[in-house]
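J.: Output the structure for:
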Amino acid sequence: MFLLSTLATSQSPRIGGFDTSRCQNSSITQGQAYSQLRGVIRGLYPHAVFSGTPQLTSTYLDTVDVLMIAPGGMTGSYTVTTPLSQAEQSALSAFVSNGGRALIMVDNNSFGGAGSMTPAVNTSFVQPFGLSVGNNLPNNQVANANSGSHPILAGSCGTVASFMMGAPGWFTGLGQHAVSLARSANGNHDVLAVIDPQIIAPASGAVVLVSDMNAFDDGGRMSMLNNLVLSGNIISFLAHGSYEIYGSGCAGAAGTPTIGAISGSLRIGNSLNLTVDTLPPGGATFGVIGIGQTQLDLSPLQMPGCFLFVTNGLVSLIGNTPTPTTATWTLPIPSAVGLVGFNFYQQAFALDLSANPAGIIGSNAGHGVVRL
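T.: Residues are numbered from 1 along each chain as shown. Presented below is the predicted three-dimensional model:
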C-alpha cells in the first residue's frame, strides 16, 4: 500500500453500496470479498466513510458521494442478488444525473448457475445508462487498454496498459453515453467503459462500468500491480470533488478542535452537517464560512500556533451541542440552481481563555462544492 499511502488526501468521500443482506460477501462497502478494494480506498482517502443499504432509494443516495455495486455474493459458491427494481433504476439514474458518481460491476451471464437471475441482474445494473451486457469469457482473461490518455488508465496512481479479469462477460452495447476504455485480448470485446462527467446532463457525475466483479475482489487479482493501480485510478476519478478536510487546528484545554464526521448532503435544498470535536467544555463555538482558502498565521493576534484557513467569511454561532466537547454545525443549502458548482470553505473557532492570550482556538477546515 506504499504507492497509495504516498497519494493519500484529506477528502472524506462517502462511499455507498448494497449491504450484506442484499449482496452477502460481495457487498463492496461491507463484504469480505472486497476488503482489499476498501483498503485501496482507505489508502487514498483515510477519512472515507462507508455505508450499506438493502435498497437503492433517493433518500439513501442523498447520503453518499460514490455508489459502488456488484451483482452477486459468495458464500462457498457464487449467488446472485435480485435485479434492481424500476424504482431503484430510476433512483440510480437520478443520482448520477444530479452529480452522484458510480462504479457499476456486472459479470458473465452464467456465474449464478443454470436458471439463475444473473442475466436480469446484469441488465438491471447497466440499463439505466443505456448499456447492454452478456456472454461469458472462461477463466482468467487479459484486458488491454484502448484509450490510454483517460485518467482511469493514466491517473494519479499510475498507467495501466492491461489488467486481469476472471471469467468476465462483456458489454454488447455501449449506448449513447459510454466510451470503451479496454477490450478483452480474447475476442476484442468491450469490458471496461466510462461515462464522463457532464455527459448525461449538465451537472451529471461519472459512471465507471466493469464487466467482471472479480477484477477487484479478494480472489487474487488485486495482488497484481496493474489491477491495484487501475482500482486506485478509478477510485480517484470517482471520488474527486467530495468534501475535503484540510489544515490543522491549534490546541486548547481539551485538545485540538477538529472537524470530523460529515453527514447530510452537498445538494441544493439539503443540509450539510459537520461534527466539531475536542472543544473546550462550556466554551462558545463559532463557525466561519467563506468563499476562499488561505493559511494566515494568527500569532500576531496572540493566537500562537493557530491559522485562519478561510477568506471572505461570515461568522455564526454554532448551536446544538450533543456533548460538552462536541458541536454539530448544520449548513442549509438553498434550493437555488445558480449555486451549483459554488465552492465554500468552513472553519470553527472556540472560546478557551486558558489556551492563549486571545482566549480563542481554531479547528482544521473543510471545502465543499454545491451539487445539483
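J.: which parts of stretch 283-299 are buried?
T.: With burial defined by 16 or more other C-beta atoms under 10 Å, the residues of stretch 283-299 counted as buried are 283, 285-290, 298. C-beta coordinates here come from the backbone N, C-alpha and C atoms, glycine included.
J.: And the furthest pair within these?
T.: Largest separation among those by C-beta to C-beta: G283 and G290, giving 22.1 Å.
J.: Pick out the lowest-pLDDT one from the buried residues of stretch 283-299.
T.: Least confident entry in the buried residues of stretch 283-299, by pLDDT: G283, with 78.
J.: correct me, but that residue touches F349?
T.: No: contact criterion C-beta atoms under 8 Å: G283 and F349 do not qualify, at 9.9 Å.
J.: What residues are recorded as beta-bridge partners of I245?
T.: G366 (DSSP bridges).
J.: brain fart, M105
T.: According to DSSP bridges, the residues that bridge with M105 are V210.
J.: check contacts around it.
T.: Neighbouring residues of M105 by C-beta atoms under 8 Å, 6 or more residues apart in numbering: 28, 68-71, 125, 209-213, 215-216.
J.: What's the separation between it and G166?
T.: 12 Å (C-beta to C-beta, to the nearest Å).
J.: shared neighbours, the two?
T.: Shared contacts of M105 and G166, defined by C-beta under 8 Å, 6+ apart, are found at 212, 215.
J.: Downstream of the helix or strand bottoming out on mean pLDDT in the chain, the next helix or strand is which one?
T.: Least confident helix or strand of the chain, by mean pLDDT, DSSP states H and E, is helix 2-5 with a mean of 42. Next helix or strand after helix 2-5 toward the C-terminus (DSSP states H and E): strand 14-16.
J.: Check which helices and strands whichever helix or strand comes after that next one sits against.
T.: Downstream of strand 14-16, the next assigned helix or strand under DSSP H and E is helix 20-23. Applying 3 or more C-beta pairs under 8 Å, 6 or more residues apart in numbering; DSSP states H and E, we find helix 20-23 packed against strand 72-74.
J.: Residues touching the helix or strand in which Q141 is found, excluding its own?
T.: Per DSSP H and E, Q141 falls inside strand 140-145. Applying C-beta under 8 Å, 6+ apart, the external contacts of strand 140-145 come out as 153, 160-168, 181-186, 191-192, 212.
J.: And stretch 349-359, by the same measure?
T.: Looking at what lies outside stretch 349-359 - C-beta under 8 Å, 6+ apart - the contacts are 250-253, 257, 279-280, 283-288, 298, 301-306, 360-363.
J.: Please pick the buried ones from these.
T.: 250-253, 257, 279-280, 283, 285-288, 298, 303, 305-306, 360-363.
J.: Which ones among these lie within strands?
T.: Among the buried ones among the contacts of stretch 349-359, DSSP state E puts 285-288, 360-363 in strands.
J.: now the stretch 201-350 of the chain, which segments are flagged as low pLDDT?
T.: Low-confidence segments of the stretch 201-350 of the chain (pLDDT under 70): 241-242, 319-322.
J.: can you map out the helices along it?
T.: Assigned by DSSP state H, counting those that start in this stretch, the helices in the stretch 201-350 of the chain fall at 225-239.
J.: re earlier: just the buried subset of the contacts of strand 140-145, written out for ChimeraX, thanks.
T.: With 16+ other C-beta under 10 Å as the criterion, this ChimeraX line picks the buried residues out of these:
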select :153,160,163,164,165,166,167,168,181,182,183,184,191,192,212
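J.: Which members of the contacts of strand 140-145 occur in helices, if any?
T.: In helices, judged by DSSP state H, none of the contacts of strand 140-145 are found.
J.: Which of the contacts of strand 140-145 fall within strands?
T.: Here DSSP E is the test, and those give 162-166, 181-184, 191-192 as lying in strands.
J.: Now V126: which helix or strand?
T.: helix 118-126.
J.: So which residues make contact with that helix?
T.: 69, 71-72, 80-85, 88-89, 104-112, 132-134, 169, 171, 209.
J.: What residues sit buried inside that helix?
T.: So helix 118-126, judged by 16+ other C-beta under 10 Å, has buried residues 118-119, 121-126.
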